[in-house]
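Undergrad: turn this into a structure:
(one chain, ligands or ions: 2)
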Amino acid sequence: MDARQRPYRSVLYIPGSRERALDKARTLPVDAIIFDLEDAVAAEEKANARQTLSGALAAGGYGERVKIVRINGLDTEWGRADAEAVRDMDADVVLLPKVNAAADVDALAAITGDKPVWAMMETPRGMLNAAEIAAHPLMAGFVMGTNDLAKDLQTRFRADRLPLMTSLGLCLLAAKAEGLIIVDGVYNAFKDTDGLAAECEQGRDMGFDGKTLIHPAQIDIANAAFAPSQAEIDLARRQIAAFEETEAQGQGVAVVDGKIVENLHVVTAREILAKAEAISALQAG
Ligand SMILES: CC(C)(COP(=O)(O)OP(=O)(O)OC[C@H]1O[C@@H](n2cnc3c(N)ncnc32)[C@H](O)[C@@H]1OP(=O)(O)O)[C@@H](O)C(=O)NCCC(=O)NCCSC(=O)C[C@H](O)C(=O)O
Ligand SMILES: [Mg+2]
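TA: Numbers count the residues shown, from 1 in each chain. Ligands and ions are numbered 1, 2, ... in the order given. Got it, this is the predicted structure:
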C-alpha cells in the first residue's frame, strides 16, 4: 500500500517495558503502534525496556500495523543507545521526541542511517521551525505532543483546545506542504469516551490523519472518527458521477444537493473513496 494512502486513524502508545501490553497489541485493531522508550518508561527501566522491545519486535506478530519506536532524546543518557538499538530493530520508523530543528534529525540520521523518521512536535521552538523539520529528506510524519506543548506554553486545559490552535495549525501547514502524515496528540482522560470522541472529531475536521492513543479502550472511537462515514462515501460517489456526466456534456460545473461540484471537489471525493478502500483492505488483510 502506498505510504500516503495508508490509514493512520489509531496510533497506540505502548510502554516498551510492559510485556503484557506488547503482547496484547498483536491483537488490537490499531493502524500503527508507537513502542515507547521515552516518557512511558521509568528511568530505572530504560535499559530493560530496550531489550524487551527488541525481543517483542523480533518475535513479530504485529501484522500490517506500522511499527514506530519512540526513543529518548539524543541529549539524554539513553538516547544514543536507543538509536543504535532501533537501527537494528524490526521497526518501520524511528520517532524522535522534542524535535527543535532539522539539525536534530541530522544528528539522529548519523546513527540510524536512512530509516524513516517521525518527529514529536512538542516544543515552542519546534513549532517555529516546523517547516524546516517537515522538509528534512528523511521526515515522514509528525506526532503532536500536546502534553509537553501545554507544559512549555503554560496553557490550561480547555475542551476546545483554543490555547493550542496556533501550534496545531503551524504543524498541519508544515506537514501538508511536504505531504507528511500528521497525527493528533493524546487525550489523557482515557475513560472519558465522549471527550475523546469530541477531540477526535475536532482533529479530523482540522485535517489530522488520526489520533495518538494511550489505552485500548480508545481505539474504536478513533477508528470510527477518522474513517469516512457511509454518508461521505455515498456523497463522494454521487459527486463523481454527476461531474463525469456534466463533463461529458462539455461543462465544468455539476450541482449535487444544491452545491456546486468542480474538478477540485472530485479530487477530494476520490481521496475519500481511496481512504475507505484502504481501510477495507486493511481490515480484510
Ligand atoms: C494508562 C495505563 C497506565 C492504564 O493501564 P492499566 O491500569 O493496565 O489499564 P487496564 O487495566 O484498563 O488495561 C486493560 C488491558 O489493556 C492493556 N493495556 C493497557 N494499556 C495498554 C496500551 N497502551 N497498549 C496495549 N495494551 C494496553 C493492559 O495490559 C490490560 O491487558 P490485559 O491484562 O491483557 O487485559 C496504560 O494504559 C498505559 O500505560 N498507557 C500508555 C501510557 C503511555 O504510553 N504514555 C506515554 C505516551 S503519551 C505521551 O507521551 C504524549 C506526548 O509525548 C506528549 O507530550 O503529549
Ligand atoms: Mg511528550
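Undergrad: remind me which residues of the stretch 101-250 of the chain are low pLDDT?
TA: Judged against pLDDT under 70, the stretch 101-250 of the chain has no low-scoring part.
Undergrad: ligand 1 contacts on that one?
TA: Applying Cβ under 6 Å from any ligand atom, we find that the stretch 101-250 of the chain lies next to ligand 1 at 120, 122, 145-148, 185-186, 190, 214-216. Where C-beta positions appear, they are placed from N, C-alpha and C, glycine not excepted.
Undergrad: right, and out of those, which lies closest to A91?
TA: Of all these, A91 sits closest to M120, with 15.6 Å by Cβ to Cβ.
Undergrad: can you give me the distance of the closest one to ligand 2?
TA: Distance of M120 to ligand 2, given as Cβ to the ion, to the nearest Å: 6 Å.
Undergrad: mind checking which helix or strand that residue is in?
TA: Per DSSP states H and E, M120 falls inside strand 117-121.
Undergrad: partner strands of that strand, with direction?
TA: strand 93-96 (parallel), strand 139-144 (parallel) (DSSP bridges).
Undergrad: so how far is it from its chain's centroid?
TA: Mean-position distance between strand 117-121 and its chain equals 10 Å (Cα atoms, centre = their mean, to the nearest Å).
Undergrad: returning to that earlier point: quick one: buried ones out of the residues of the stretch 101-250 of the chain next to ligand 1?
TA: 120, 122, 145-146, 148, 185-186, 214, 216 (16 or more other Cβ atoms under 10 Å).
Undergrad: show me the contact partners of the one helix or strand E277 maps to.
TA: Per DSSP H and E, E277 falls inside helix 263-284. With Cβ atoms under 8 Å, 6 or more residues apart in numbering as the test, helix 263-284 has contacts from 1, 5-7, 9, 29, 31, 64, 227-228, 232-233, 235-237, 239-240, 243, 252.
Undergrad: how about stretch 22-32?
TA: By Cβ under 8 Å, 6+ apart, the residues outside stretch 22-32 that reach it are 6-12, 14, 16, 33, 35, 52-53, 56, 61-63, 65-68, 210, 213, 216, 219-220, 223, 282-283.
Undergrad: list the buried residues for it?
TA: Neighbour-count burial for stretch 22-32 [16+ other Cβ under 10 Å]: 22, 25, 28, 30-32.
Undergrad: then stretch 182-191?
TA: Under the neighbour-count criterion of 16+ other Cβ under 10 Å, stretch 182-191 has 182-187 buried.
Undergrad: tell me how far that stretch lies from the chain's centre.
TA: For stretch 182-191, the distance to the chain centre is 11 Å (Cα atoms, centre = their mean).
Undergrad: and it, anywhere near ligand 2?
TA: No: figure legend: stretch 182-191 not in contact with ligand 2 (Cβ under 5 Å from the ion); closest approach 8.6 Å.
Undergrad: and the residue positioned nearest the centre of the chain, how far from K211?
TA: The C-alpha lying nearest the average C-alpha coordinate of the chain belongs to V183 (Cα atoms, centre = their mean; 3.0 Å). Relative to K211, V183 is positioned 6 Å away (Cβ to Cβ, to the nearest Å).
Undergrad: so how far is V183 from F208?
TA: Taking Cβ to Cβ, one finds F208 at 6 Å from V183.
Undergrad: spit out the residues that contact those two alike.
TA: Joint contacts of F208 and V183 (Cβ under 8 Å, 6+ apart) are M144.
Undergrad: and which of the residues of the stretch 101-250 of the chain next to ligand 1 is nearest to D114?
TA: Out of those, the member with the shortest distance to D114 (by Cβ to Cβ) is M120, at 20.1 Å.
Undergrad: E122 contacts L96, correct?
TA: No: under the criterion of Cβ atoms under 8 Å, E122 makes no contact with L96, lying 10.8 Å away.
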